[in-house]
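Chemist: Give me coordinates for this.
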Amino acid sequence: MDIRDKNVLVFGSGISGIAASRLLLREGADVILYDGNEKLDAETIKENILHDEEHGVTLSGDVKVILGELSKEVMESLVLTVMSPGVPTDLEVVNQMRKMGIPIWGEIELAYVYGKGEVLAITGTNGKTTTTTLLGEIMKKYQEHVYVVGNIGNPYTEVALDMTEDSVAVAEMSSFQLETIHTFRPKVSAILNITPDHLNRHHTMEAYIEAKKNICRNQTADDVCVLNYEDEVTRKFGEEIKAKVLYFSSQRILDRGIYLDEGDIVYSYDTDVAVTICNVKELQLLGTHNYENIMAAAAMAIAYGVPVDLVREVIKSFKGVAHRIEFVAEKNGVAYYNDSKGTNPDAAIKGIQAMNRPTLLIGGGYDKDSSYDEWINAFDGKVKKLVLLGVTREKIDATAKKLGFTDTILVDTFEEAVATCVKYAEPGDAVLLSPACASWGMFKCYEERGDKFKELVNEL
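Modeler: Numbers count the residues shown, from 1 in each chain. Now for the predicted structure:
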C-alpha cells in the first residue's frame, strides 16, 4: 500500500499507537492519531510521537492529534486505519470506516507488512509470556538479530524497520492483536491453550477462539503450528489447518511431537527417532503448566532448525519471568509469591496448584465477565484465607460461599489486602498474589500491581 503523503489514522494513544505512528512517519505517511478520550493532552501525545527515545532521534513529519469526536470529513481523507490492540474493533466509529471502505489494520499487521525477516508467534490464554521469553532466549543464543515483541510489552512496530532479512521476531500475540491481521504469516506459530478470557471484549467464546486461530490463518504447508494435544479445542484445530502440525503433551507419549514421559521431556521426530531433551528435575521452573510452556518453546525452536543441544542448554538455565509465581521473599517464616500475571481464573488455578504450603490468597480486580467456580474448586484445601478486593470482590465472595468456602475477607485497598495476609499468616504459610482478574481500575497493568506487591513485601 502506498502511504507516502497520504492520511493514515492511528486509533489509540497508548504505547502501540505511539510506536505505530512513528513507523508511519518514517514511511512518509501523514499521521492522524485519534483517541476518544478528550481529556488527554494533544500536545503531549504529539511530543511523545516525535521524540523517539528508542532510536535516540526526533522525528519530523505531519502529525495531527484528534481527541473526542472523529468527523466524517477526516474519515473521508483516510487511506488506512491502524488499530491499537486495546481499542475494541466493534465501535460505531470503526464500523463507519469499514462501510466507507477504509482498510482496518492492526498494529501487528502494520509491523509485518513493513518489517523484514521471519516471525515465530505464540498465543494462548495462559503461558504466552513465559513461552515467548524462553523462545526469545533460545533464539538469541542461536541467531544474531532477534527481537522479542508484541503483547509482552515491546511494540512490534517499534523495531519493524530495524529488522533485516536475517532477523527473527519472537512475538507474543493476544487475541486483541490477532483480530486485525490480514497477511501476517509466522514461520512457526503456537497456540498453547484456550480457556475463557476477555469475554467482555469478544462477547462469545466462539469469537475468542476464532481470534486465537487467526495466528495460523495464513500459514501454508511450508510452515509449522505447535498445538497442545491435551486442549480439546487446539487438538481438533490441528486437523483443520494447512500448516504442518506439531503437538505437545504433558499426559501421553506422541508418535511425533514433544511430550512428558516419567519426568523426561522427549522430542519424537517420528515413531523410530526420539531424543530426550532433559528431565524436569533439571529445570528451574515448577509445575506442569511450566513444563508445557517449555515443551512448546522447545518444539518451536527445533522446528525452526535450532539444534537440540542448544535448546537443552537454554531451557535448563531459564529462571522464568517476573510476576508469574515469582518468589519475592521469606519474612518471619512466611513465603511471599507474586503471581500478578494470573489475570484470569485458569491462570490463577496454576498459581494455587504450584503452592506447597498453607496459603493466604489475594484475589479480585477488574471484571472480565469470568466465572470463578473452577478457581475456587481448585483450592483443594490449600487456601487458609481468601482476601478479596476490587469490583469483583462481592461476585467472587458469593461464588466461594456457594461452593462452601467461607474463609473470605473483603478489603478496600491493595495495601489493606497485603496487611491482612501479614496479620493472619503463620510461619510455614505462603502468601500468594494470584488475583484471577485484570488489574485495570486499580493499576495500569499487572506489572504495576506485581511491583507494588513486591514493594510492600520487601518493606516488611
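Chemist: Now for Ile209: which residues touch it?
Modeler: Ile194, Val233 (Cβ atoms under 8 Å, 6 or more residues apart in numbering). C-betas here are computed from N, CA, C, even on glycine.
Chemist: What part of this structure, helix or strand, is modelled with the least confidence?
Modeler: helix 199-202 (a mean of 57; mean pLDDT, DSSP states H and E).
Chemist: Which element is encountered next along the chain beyond that one?
Modeler: Using DSSP states H and E, the next helix or strand after helix 199-202 towards the C-terminus is helix 205-213.
Chemist: tilt between the following helix or strand past that following helix and helix 205-213?
Modeler: Sequence-wise, the next helix or strand downstream of helix 205-213 (DSSP H and E) is strand 224-228. Computed by axes from the mean of the first three to the mean of the last three Cα atoms, to 10 degrees, the angle separating strand 224-228 from helix 205-213 equals 140 degrees.
Chemist: Same question for the helix or strand that strand 224-228 is followed by: list its buried residues.
Modeler: Moving toward the C-terminus from strand 224-228, the next helix or strand (DSSP H and E) is helix 232-237. Judged by neighbour count using 16 or more other Cβ atoms under 10 Å, the buried positions of helix 232-237 are Val233, Thr234, Phe237.
Chemist: Reformat those as a markdown table; add distance to Phe443.
Modeler: As requested, the buried residues of helix 232-237 are exported to a markdown table (distance: Cβ to Cβ, whole Å):
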| residue | distance to Phe443 |
| --- | --- |
| Val233 | 31 |
| Thr234 | 31 |
| Phe237 | 34 |
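Chemist: Take those and write them to JSON lines, including pLDDT.
Modeler: Shown next, in JSON lines, are those (pLDDT from 0 to 100):
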{"residue": "Val233", "pLDDT": "90"}
{"residue": "Thr234", "pLDDT": "92"}
{"residue": "Phe237", "pLDDT": "91"}
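Chemist: just the helices in the stretch 301-450 of the chain please.
Modeler: 308-317, 345-353, 373-377, 393-402, 414-424, 446-458 (DSSP state H, counting those that start in this stretch).
Chemist: Buried deepest among those, which one?
Modeler: helix 345-353 (a mean of 23; mean count of other Cβ atoms under 10 Å).
Chemist: Show me what that helix is packed up against.
Modeler: Contacts defined by 3 or more Cβ pairs under 8 Å, 6 or more residues apart in numbering; DSSP states H and E place helix 345-353 against helix 288-304, strand 359-363, helix 373-377.
Chemist: Show the average pLDDT along stretch 330-343.
Modeler: Confidence for stretch 330-343, expressed as mean pLDDT, is 94.
Chemist: now stretch 259-273
Modeler: 89.
Chemist: Could you dump the helices and strands packed on helix 345-353 into a markdown table and include mean pLDDT?
Modeler: Below are those laid out as a markdown table (pLDDT from 0 to 100):
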| stretch | mean pLDDT |
| --- | --- |
| helix 288-304 | 95 |
| strand 359-363 | 98 |
| helix 373-377 | 94 |
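Chemist: Of all the ones you listed, which one comes closest to Glu43?
Modeler: strand 359-363 (39.6 Å; Cβ to Cβ).
Chemist: any idea of the angle the closest one forms with helix 414-424?
Modeler: Using the same axes, to 10 degrees: strand 359-363 against helix 414-424 is 170 degrees.
Chemist: and the angle for strand 359-363 with helix 393-402?
Modeler: Using the same axes, to 10 degrees: strand 359-363 against helix 393-402 is 140 degrees.
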